[in-house]
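Student: Prediction below, plus the sequence it came from.
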Amino acid sequence: MADNSMVTLMAADHIEIQATLQAVKQCATLGTMLEVLDEQQTLGLPIPVLEVSGEALKKVIEWCEYHREDMVVETEQPGVAAQILTSLPQWDTEFFANIGDKDLLIKICNASNFLEIPLLLQYSIFVIAQALRGKSTEEMRAFLNIENDLTPEEEQKIREDNAWAMPQN
Amino acid sequence: MDPVLPREYLSDHEYPLDPRQADHIVEAVSYYNTSLRESVIWLSRTEEKTVAIWASMARPFPRHTEKTLGYLDTLPLEILLKILESIDLRSLFEFRNTTARARQVVDSEKYRRAFEDGYILFGALVKMEWWTKVSLYDIYKALRTSACEICGEYGGFMSILLWKRCCYMCLRTAPELRMQSVTNVRKYYGVGKSQTNQLTQLQSLPGFYGMSNASQQPRISVVSVNETAMFFGRPPPEPKMWEGPSKCNFIASCPLPFVHYDASSQPVIELGVSCLGCYWAMSQKDIPTLSFKKDELCEKIYTRDGFLRHFQWCKPAQRMWKTPELLRPFASIFIRDRGTDLLEDEGILQ
């Protein structure tokens, strides 16, 4: 099968998404699956990706299409700690800026983990970390939709910690 | 790597090391050079009032917690930890305070270790308000790398502003690591505050710095001489700025242990040891010392393995090992300066 031939993916909500084979190969999980499957029998049948929502899969494939010429690189080798990024390339910055929705961002992160797309996983981790940076406890609760479950005693303990860590407050 | 030794001290052949004796050799003929450690940022675990709070830092609330991390709940723990490792320490601290679950997630064994092992670095970063620039990942990486980034020898120190692990000699003399006070930069470059404000500045902590233990109580701002020269597009106009010892180098750095794992995956924390043989030989008039500077040999520190390699070629150290009476005058050094005792005092080893 030529790399520019089209395949169909089927997401959790039965949404079908068209992608080039080359882009699909960016996902190590799907790439391995395609190698194992008998081409003749599966030709034209949608590949089930039922663990990922249509909305997230659409974005993931959009990313893979743009990056389809890239070499698939393992960002992490055993024994070698992953490099922490300091910035993203311009296209990817815009890609993530257009997502906007936190829920979708987390879904893309999860999907890239599940589908084994090391670079997209690294990028989404970077974007989530970037969003948390510089936020106060209160701001983080609001941003992540976290409910405060601390008891008054625990709150008191945290105030004591703060007295040490943030003398300026 | 072959050990670097002055030729006067070099033994004629490699000492045949019996692995069963290694621990005894390290214990007998190496010592722990506290004066080097105390010439940089030094926070004592036993004296600081904040100790109790530090110790509690890495402990979760003792109760069952539900998953209450909002949007982050769907992420696998492994991914969540990667996110938390890459945010700065200040934000991590803020995140840790959101819920009991957040505290539990952050206070993993790995976090506790980084905090315990690098406690001086950690404390310095917080006190200098430099923790917004450093992530847990940066700390792990620093703790697990042993080499001086300048010369490749064992580096037992950290230049905080430049975030480079370094050995004492490079810390003292390497042009790359050179620091200066903002006051001097203004004076020598003839520039104002608006310009120096564009440089990366580190606020000093009150303390005693350098080999002369000069007191520096008021907080001063220091900058990298290299960065300054690049920013202004010309080398420092005054030799005073970049030649000779600068107290600012010590003000901007702290001791940093080296952490690695033994065959049974237990962490080994090394603070670095010095050679008692070299120390002793320098005081002996019958052993000439022409080919090196005494200071440089005194400030040399080794990992345990590095010390054993040094020992195999260090004639004075071998002589001491074979002649126990030579060791006797150094008993006080052992009591005061031996790494293991110190670690126990500081509660690192229990």
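Tutor: Received it, and whenever you're ready, just let me know what you need.

Student: hey, which helix or strand in chain A has the poorest pLDDT?
Tutor: helix A:39-42 (a mean of 66; mean pLDDT, DSSP states H and E).

Student: And the next helix or strand after that helix, what does it pack against?
Tutor: Next along the chain after helix A:39-42, taking DSSP states H and E as the criterion, comes strand A:47-49. On a contact count with 3 or more CB pairs under 8 Å, 6 or more residues apart in numbering or on different chains; DSSP states H and E, strand A:47-49 meets strand A:6-11, helix A:28-36. No exception for glycine: its C-beta is placed from N, CA and C like everyone else's.

Student: Now the element after the first one, going C-ward?
Tutor: So the one you mean is strand A:6-11. Later in the chain than strand A:6-11, the nearest helix or strand by DSSP H and E is strand A:16-20.

Student: ok and that next one relative to helix A:28-36, angle-wise?
Tutor: 80 degrees (axes from the mean of the first three to the mean of the last three CA atoms, to 10 degrees).

Student: and strand A:16-20, what does it pack onto?
Tutor: Packed next to strand A:16-20, using 3+ CB pairs under 8 Å, 6+ apart, are strand A:6-11, helix A:54-66.

Student: Buried deepest among those, which one?
Tutor: Highest mean neighbour count among those (mean count of other CB atoms under 10 Å in any protein chain shown): helix A:54-66, with a mean of 21.

Student: now do the same end-to-end measure for stretch A:143-159.
Tutor: 22 Å (CA to CA, to the nearest Å).

Student: separation between residue A:162 and chain B?
Tutor: 8 Å (CB to the nearest CB, to the nearest Å).

Student: What of residue A:159?
Tutor: Residue A:159 is 10 Å from chain B, by CB to the nearest CB.

Student: what about the residue of the stretch 51-200 of chain B found nearest chain A, neighbour count?
Tutor: Closest to chain A within the stretch 51-200 of chain B is residue B:70: 3.7 Å, counting by CB to the nearest CB. Residues near residue B:70, counting by other CB atoms under 10 Å in any protein chain shown, number 21.

Student: Can you say which of the helices and strands packed on strand A:47-49 is nearest to residue B:13?
Tutor: Proximity to residue B:13, assessed across those by CB to CB, is greatest for helix A:28-36 (54.2 Å).

Student: same for the closest one, what does it pack against?
Tutor: Applying 3+ CB pairs under 8 Å, 6+ apart, we find helix A:28-36 packed against helix A:21-24, strand A:47-49.

Student: Turn the ones you listed into TSV, columns for distance to residue B:139 and mean neighbour count.
Tutor: Output for the helices and strands packed on helix A:28-36, formatted as TSV (distance: least, CB to CB, whole Å; neighbours: other CB atoms under 10 Å in any protein chain shown):
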stretch	distance to residue B:139	mean neighbour count
helix A:21-24	38	21
strand A:47-49	38	18
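
Student: Go through the helices and strands packed on strand A:16-20 and find the least confident stretch.
Tutor: Lowest mean pLDDT within these: strand A:6-11, a mean of 88.

Student: Please identify the pairing partners of it and their relative orientation?
Tutor: Sheet pairing for strand A:6-11, assigned by DSSP bridges, gives strand A:16-20 (antiparallel), strand A:47-49 (parallel).

Student: on that earlier part again, mean pLDDT added to the helices and strands packed on helix A:28-36, as TSV?
Tutor: Below are those laid out as TSV (pLDDT from 0 to 100):
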stretch	mean pLDDT
helix A:21-24	88
strand A:47-49	87
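
Student: returning to that earlier point: what distance do you get for the residue of the stretch 51-200 of chain B closest to chain A to residue A:129?
Tutor: When distance is defined by CB to CB, to the nearest Å, residue B:70 is 16 Å away from residue A:129.

Student: again, but for residue B:265
Tutor: Taking CB to CB, one finds residue B:265 at 28 Å from residue A:129.
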